[in-house]
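**Student:** turn this into a model:
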Amino acid sequence: MSIASSVYFLSIDWMLIFLVHFVMLVTGAHKDDTNVRLRKAIRLYACFDTAVFVVNIFSEISISYVPQDTPIAHYSYEMKPLYIAHLLFTYCLVVLIVYVLFDKLIHTPLKYRNQYLFLLASIVLVVLVNAVFLYPMGDSVFSLLDLSVLGYSLGLYCMYWSAFQYRESYMIKSLSMTIFESIDQGIVLFDYAGELIMHNAMAERLLPHVSFPKAMREEDFVAQCELPLENHLSNDVYSLQTEMGTERPTAMRCDYRRLRDEDGTVTGNLFVFSDVSNDTDMLTGFQHWEDFRKFAAENPWNFDHPTA
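**Tutor:** Numbering: from 1, shown residues only. Coordinates of the predicted model:
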């Protein structure tokens, strides 16, 4: 019992030390000179605490074991000052971790904060479950169960997910939507069956004559835009210049792309609209020669012959 408990408490010490280092790496706080010195002091005290629990196996200087008759455990803990110092040390480490995360939280843009909030919630989960075990209420069998292992397991998994998976699962998706809405091109996306998936606000501004209901078919959209795509349905990529609107026509460039997965299966159709009025000669309505020549060179197959 004494050997197992010493190993258990020392594992908590070093797990929290590694966690301090991990959180500082995640938040970038490890570069601060003050934190470097602080981590050295933490490791020094941890070495002292390690020596205390090793000695405690042979001489109970930190914690004693009182016999008891329960269905789960035959001993209970009797805490001594050195064990209380161990508890204070571990909770100071927890406070340090929470402080580093909170400091990062308040100095981080709003869209990035959830990642650190999840890390904070994971730490709180571990502390609460551990407190339930250390300070059980009542004499039931349930109060004798060591629930701290459950807390460490769930908490550390949540920390791992927050540090490594959250950025890929949620941050990239969130930033992608921000870029999608902020880009100065109108984007309209249909799925493989021709059903509207999404469009950005710029598409509504560039195409005021097009209505965007929640359910919209691709052929209806093409008809409203009057895009001459009939002769180019076999092309996965096609670009054209046209005019949009009836009262005040606007010169518009439409880039069409058929999306495919790695197996070549069609997954969607993408329309990207660009306002080229700034690149259009106001007198003739044609693109400026240099811009048109570059466009024609990059898209040699996009013109019906003969082309003047």
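**Student:** my guess is residue 79 contacts residue 61. True?
**Tutor:** No - here residue 79 does not reach residue 61: they are 11.9 Å apart, not a contact under C-beta atoms under 8 Å. (C-beta placed from N, C-alpha, C; glycine too.)
**Student:** so where is this structure shaky, pLDDT-wise?
**Tutor:** 71-73, 132-148, 151, 167-172, 174-175, 230-233, 245-249, 277-291, 301-308 (pLDDT under 70).
**Student:** all strands for it, in order.
**Tutor:** In the chain, the segments counted as strands under DSSP state E are 63-67, 75-79, 186-191, 196-199, 237-244, 250-260, 266-275.
**Student:** quick check: which of those strands is buried the most?
**Tutor:** strand 186-191 (a mean of 20; mean count of other C-beta atoms under 10 Å).
**Student:** can you list the strands that that strand pairs with?
**Tutor:** Its sheet considered, strand 186-191 pairs with strand 196-199 (antiparallel), strand 266-275 (antiparallel) by DSSP bridges.
**Student:** which of the ones you listed sits closest to residue 225?
**Tutor:** Nearest to residue 225, of all the strands paired with strand 186-191, is strand 266-275, at 8.1 Å by C-beta to C-beta.
**Student:** so what's residue 270 closest to, chain neighbours aside?
**Tutor:** Using C-beta to C-beta, 6 or more residues apart in numbering and skipping the chain neighbours, the partner closest in space to residue 270 is residue 257 (4.7 Å).
**Student:** beta partners for that neighbour?
**Tutor:** The partner list for residue 257 in beta bridges (DSSP bridges) reads residue 237, residue 270.
**Student:** what's near enough to touch residue 119?
**Tutor:** Shown in contact with residue 119 (C-beta atoms under 8 Å, 6 or more residues apart in numbering): 23, 26, 101, 158, 159, 162, 163.
**Student:** next, format those residues as JSON lines and append distance to residue 3.
**Tutor:** Formatted as JSON lines, those follow (distance: C-beta to C-beta, whole Å):
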{"residue": "23", "distance to residue 3": "30"}
{"residue": "26", "distance to residue 3": "34"}
{"residue": "101", "distance to residue 3": "35"}
{"residue": "158", "distance to residue 3": "31"}
{"residue": "159", "distance to residue 3": "29"}
{"residue": "162", "distance to residue 3": "34"}
{"residue": "163", "distance to residue 3": "33"}
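**Student:** now the strands of the chain as JSON lines including distance to residue 55?
**Tutor:** Formatted as JSON lines, the strands of the chain follow (distance: least, C-beta to C-beta, whole Å):
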{"stretch": "strand 63-67", "distance to residue 55": "11"}
{"stretch": "strand 75-79", "distance to residue 55": "16"}
{"stretch": "strand 186-191", "distance to residue 55": "67"}
{"stretch": "strand 196-199", "distance to residue 55": "65"}
{"stretch": "strand 237-244", "distance to residue 55": "74"}
{"stretch": "strand 250-260", "distance to residue 55": "67"}
{"stretch": "strand 266-275", "distance to residue 55": "65"}
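**Student:** from the contacts of residue 119, which is closest to residue 213?
**Tutor:** Taking C-beta to C-beta as the measure, residue 213 sits nearest to residue 162 out of those, at 38.7 Å.
**Student:** pretty sure the closest one sits against residue 122.
**Tutor:** Yes - look at residue 162 against residue 122 with C-beta under 8 Å: they come within range, at 6.5 Å.
**Student:** picking that back up, tell me which of the contacts of residue 119 fall in helices.
**Tutor:** Members of the contacts of residue 119 lying in helices (criterion: DSSP state H): 23, 26, 101, 158, 159.
**Student:** how close does the spatially closest residue to the last one that is not a sequence neighbour sit to residue 131?
**Tutor:** What it means is residue 159. What sits nearest to residue 159 in space, not counting adjacent residues and going by C-beta to C-beta, 6+ apart, is residue 122, at 4.6 Å. Residue 122 is 15 Å from residue 131, where distance means C-beta to C-beta, to the nearest Å.
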